[in-house]
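Asks: coordinates only, sequence not included:
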């Protein structure tokens, strides 16, 4: 059982990155999926979440990323994505994905995003 985040890198302000969160050993579609980030010297922050446990999708976005980041999922690929547009230096952080249910949570290892000119 594993959850793997990938897609981080070094980009310039205004650039775009897409992070992936791929599950193995379990069906990601049965879980709510969330992205968190931890910037240097700061507390971990919830970035975005999708919960469709009630049969319809509910999304959450932190105010700091609203309108710029989009979370999506492809259950056939057992993968969730975080599309990050118009990146800012303050988006620099290690990004983590989490799969959550009432029974079990899984965390992926982080992927580093650096936004710098």
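Replies: That came through fine. Owing to the predicted nature of the structure, the values given are computational and were not obtained by experimental measurement. Numbers count the residues shown, from 1 in each chain.

Asks: What's opposite the residue nearest the centre of the chain in the beta bridge?
Replies: Central residue of the chain (CA atoms, centre = their mean): residue 35, 3.1 Å from the mean position. The partner list for residue 35 in beta bridges (DSSP bridges) reads residue 48, residue 97.

Asks: quick one: which helix or strand includes residue 73?
Replies: Residue 73 is part of strand 69-74, with elements assigned from DSSP states H and E.

Asks: next one: that strand to chain centre, how far?
Replies: Relative to the chain's own centre, strand 69-74 is displaced by 8 Å; criterion: CA atoms, centre = their mean, to the nearest Å.

Asks: List the buried residues in the helix or strand just after it.
Replies: If you walk from strand 69-74 toward the C-terminus, the next helix or strand you reach (DSSP H and E) is strand 79-84. Neighbour-count burial for strand 79-84, with 16 or more other CB atoms under 10 Å as criterion, is recorded at 79, 80, 81, 82, 84. (Glycine included, C-beta is placed from N, CA and C.)

Asks: give the contact list for the first one.
Replies: Spelled out, it's residue 79. In this structure, residue 79 makes contact with 20, 21, 22, 23, 28, 73, judged by CB atoms under 8 Å, 6 or more residues apart in numbering.
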